[in-house]
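Engineer: Structural data only, the sequence is not supplied:
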């Protein structure tokens, strides 16, 4: 059973959708309001028809972003947050409307700095520089077009001075974004290092260093969870107690180093038979527990018999005469049975296996 804790894809998608929706409503709303005020002051060239047609198209594009994410299509992209495409689209909207507003053109373009805030903690410096270049050059093209087609509507000298000031402000903003990007990168790297350290500490706390199996305490917590899922009808559950036969004799005859090698070999053999849904734990010494979500008892029996058979065939280079066998007790969870009762039946079955000759699997009887 994989116990890795990750943010659920549905929760992540919902979080990204909220961010995009807020950015569109806040940024798009401010842009629309500013241009509407310009329209009321007769600063919007083209009149009401052009204004409403233009913003209908812009808002249709905004809604397409939201619809795209609602359908989950953004998950197929390299950047599921879609921050960069949204910033490019929003900047394009500013440039288009800047072509038709007079007197307050710089005010409209200053909304670019609000757009930049969308990606300040996600976009890279290269992306910021590309976006800034697109905005500054686009603004220059807009002024050039106006100078050619509507020279009477523009104070060319004043507009180009404003463009120069805007460009300087954009450069300053990009330098700030560069600093933030550097800090974000350093924090990300330190967070990754911290996560790796925490992960290693967690592994050491819940897993046995020699075999890589779960330790007893954590295994019991996972067993409780598995019993709960089994009680809800997710699957049938088998608990298996395994014990390496005459392990003390192995340690005495071949040494503890060979004993460790035997334990590691058993862990490797068991892992080859287990699936990702199965759980293996070292209870102490040479005793192990398996928790197997299965469809029936026969499936569990075949899996455990496969482990026992594989161990019989194992040979050790440093101990040619050593042959390791395993005894096992298997118990299938019954309706209403607690984890403690299930473990007790598996343990009793293991005891009978050892008392009746070892190297075998005994099925525990339901109480």
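Structural biologist: Great, that's in hand. Keep in mind that what you see is a predicted model, and the values were worked out from it rather than measured.
Engineer: for the strand or helix carrying residue 237, packing partners?
Structural biologist: Element membership for residue 237, per DSSP states H and E: strand 236-244. The elements that strand 236-244 packs onto, with contact taken as 3 or more Cβ pairs under 8 Å, 6 or more residues apart in numbering; DSSP states H and E, are helix 216-231, helix 256-273, strand 287-294, helix 297-312, strand 326-332, helix 339-355. Any C-beta I mention is one placed from the backbone N, CA and C, and that applies to glycine too.
Engineer: Check those for me and report the most buried one.
Structural biologist: Comparing the helices and strands packed on strand 236-244 by mean neighbour count (mean count of other Cβ atoms under 10 Å), strand 326-332 ranks first with a mean of 25.
Engineer: The longest helix anywhere in the chain to helix 216-231, inter-axis angle?
Structural biologist: Counting residues, the longest helix found in the chain (DSSP state H) is helix 156-206. Orientation check (axes from the mean of the first three to the mean of the last three Cα atoms, to 10 degrees): helix 156-206 against helix 216-231 gives 100 degrees.
Engineer: Tell me how many other residues crowd residue 77.
Structural biologist: 11 (other Cβ atoms under 10 Å).
Engineer: next one: residue 181
Structural biologist: 21.
Engineer: Just to check, it is in contact with residue 125?
Structural biologist: Yes: Residue 181 is within contact range of residue 125, at 4.5 Å (criterion: Cβ atoms under 8 Å).
Engineer: which residues do those two both contact?
Structural biologist: Counting by Cβ atoms under 8 Å, 6 or more residues apart in numbering, no residue touches both residue 181 and residue 125.
Engineer: Any idea which of the helices and strands packed on strand 236-244 gets closest to residue 103?
Structural biologist: helix 216-231 (66.2 Å; Cβ to Cβ).
Engineer: For the closest residue in space to residue 211 that isn't next to it in sequence, list the residues it contacts.
Structural biologist: Leaving out its chain neighbours, the residue that sits closest to residue 211 by Cβ to Cβ, 6 or more residues apart in numbering is residue 267, at 3.8 Å. Going by Cβ under 8 Å, 6+ apart, residue 267 touches 210-213, 280.
Engineer: next one: residue 48
Structural biologist: Counting by Cβ under 8 Å, 6+ apart, residue 48 touches residue 39.
Engineer: and if you look at residue 271?
Structural biologist: Taking Cβ under 8 Å, 6+ apart, one finds 212, 280 in contact with residue 271.
Engineer: how close does the most far-flung residue of the chain relative to its centre sit to residue 42?
Structural biologist: Residue farthest from the centre of the chain, counting by Cα atoms, centre = their mean, is residue 152 at 56.4 Å. Distance of residue 152 to residue 42, given as Cβ to Cβ, to the nearest Å: 15 Å.
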